[in-house]
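# can't give you the sequence, but here's the structure:
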């Protein structure tokens, strides 16, 4: 167990709060992110985050994997967001013996799916790079349901949750766009199918960021060929090729397998979305090949 893991949760929570208050007061001295990992949820972003954190020039937000500013905390002042990151002076001191400039990032898995996050990121961070991690949408849907069930945000069996999705999400996006302060519980926690319709989400990102500033990787490729896939991420970020000692898988949720009939139905649902994604990427996603 690491020292950080052994710290009681209330102590860590207090430490985060103090860090953000101090950070907000010194926001102008803090280094905003050069890139943001925007999702997708349950696609292996925690594993990629851990790999990125092993690079000597990459630093995350203080105490946080994700700040969730551009989705659920946007009512706060931007200095609150800035306050989550290390100071430029501190980063340069830590990396003064290294070749290259230190950079910061955060990883908020709801940004890619949230209908207003891309616009907000572009408004405040027009030069930021966007990193997206995609997973077989069939497997992602089932994993998301297990995740929400374990957290107490879902109470229905998987097949029933899929049936309820249209009703649960009806009108939610329109309301979120019309009212920037509105937060939809079901949009965040019950979008098992829609979160896997990746082409729609990448098209929205491309409305605000040039395609060469958005890099999508497949989680299947990352876990099967981590050195090559991670090397491509570092190339995208223009960083020296420093790889972790090992690539680990984090946050898996073992359970009974998905019923085959449900799997086939989901594969059919996503077939047109996967074709649109392939056309957008200029290649087949890993789960189709």
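Ah, there it is. On a predicted model such as this, the values are computed, not experimentally measured, just so you know.
# so who does residue 180 touch?
74, 116 (C-beta atoms under 8 Å, 6 or more residues apart in numbering). Glycine gets a C-beta too; all of them are placed from N, C-alpha and C.
# One more: the one 4 residues further on?
Listed by C-beta under 8 Å, 6+ apart, the contact set of residue 184 reads 169, 172, 175-176.
# Separate out the buried members of those.
Those of the contacts of residue 184 that meet the buried threshold are 169, 172, 176, by 16 or more other C-beta atoms under 10 Å.
# Could you list which of these belong to helices?
Mapping the buried ones among the contacts of residue 184 onto helices (DSSP state H) picks out 169, 172, 176.
# Distance check, the second one against residue 117.
Computed as C-beta to C-beta, to the nearest Å, the residue 172 to residue 117 distance reads 15 Å.
# my guess is residue 48 is in a strand, correct?
No - per DSSP: H, G, I helix; E, B strand; the rest coil, residue 48 lies outside any strand segment and is helix.
# give me phi/psi at the closest residue to it other than its chain neighbours?
Counting by C-beta to C-beta, 6 or more residues apart in numbering, residue 133 is the residue found nearest to residue 48 once chain neighbours are left out, at 5.8 Å. Main-chain torsions, residue 133, degrees, to the nearest 10: phi -120, psi 120.
# Tell me where the stretch 1-150 of the chain is predicted with low confidence.
1-18, 23 (pLDDT under 70).
# Tell me where it has strands.
Under the criterion DSSP state E, counting those that start in this stretch, the stretch 1-150 of the chain carries strands at the ranges 35-37, 58-60, 103-107, 129-134.
# Out of those strands, which is closest to residue 44?
Closest to residue 44 of the strands of the stretch 1-150 of the chain, according to C-beta to C-beta: strand 129-134, at 5.7 Å.
# How about residues contacting that closest one?
For strand 129-134, contacts defined as C-beta under 8 Å, 6+ apart pick out 34-40, 43-45, 48, 112, 121, 198, 201-202, 205, 209, 213-219, 222, 233, 236-237, 277, 285.
# tell me the residue furthest from the middle of the chain?
Going by C-alpha atoms, centre = their mean, the residue of the chain most distant from its centre is residue 97, 30.8 Å out.
# Show me what the helix ranked longest in the chain is packed against.
Of all segments of type helix in the chain, defined using DSSP H, the longest is helix 260-281. Under the contact criterion of 3 or more C-beta pairs under 8 Å, 6 or more residues apart in numbering; DSSP states H and E, helix 260-281 touches helix 137-151, helix 158-169, helix 198-208.
# For stretch 164-171, give the mean pLDDT please.
The predicted model assigns stretch 164-171 a mean pLDDT of 98.
# for that stretch, which positions count as buried?
165, 168-169.
# which one of those residues sits closest to residue 127?
Once C-beta to C-beta is applied, the member of those that ends up nearest residue 127 is residue 169, at 32.9 Å.
# Contacts only, for the closest one.
Contacts of residue 169 by C-beta under 8 Å, 6+ apart are 184, 186-187, 190-191, 194.
# mind checking how far it is from residue 231?
Applying C-beta to C-beta, the value for residue 169 to residue 231 is 38 Å.
# ok, back up a step: with secondary structure and distance to residue 56 added, can I get the contacts of residue 169 in JSON lines?
Output for the contacts of residue 169, formatted as JSON lines (DSSP: H, G, I helix; E, B strand; the rest coil; distance: C-beta to C-beta, whole Å):
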{"residue": "184", "secondary structure": "coil", "distance to residue 56": "40"}
{"residue": "186", "secondary structure": "helix", "distance to residue 56": "41"}
{"residue": "187", "secondary structure": "helix", "distance to residue 56": "38"}
{"residue": "190", "secondary structure": "coil", "distance to residue 56": "40"}
{"residue": "191", "secondary structure": "coil", "distance to residue 56": "37"}
{"residue": "194", "secondary structure": "helix", "distance to residue 56": "38"}
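# Can you select the buried ones from those in ChimeraX?
A single ChimeraX command selects the buried members of the contacts of residue 169 (16+ other C-beta under 10 Å):
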select :184,187,190,191,194
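# No more questions from me, cheers.
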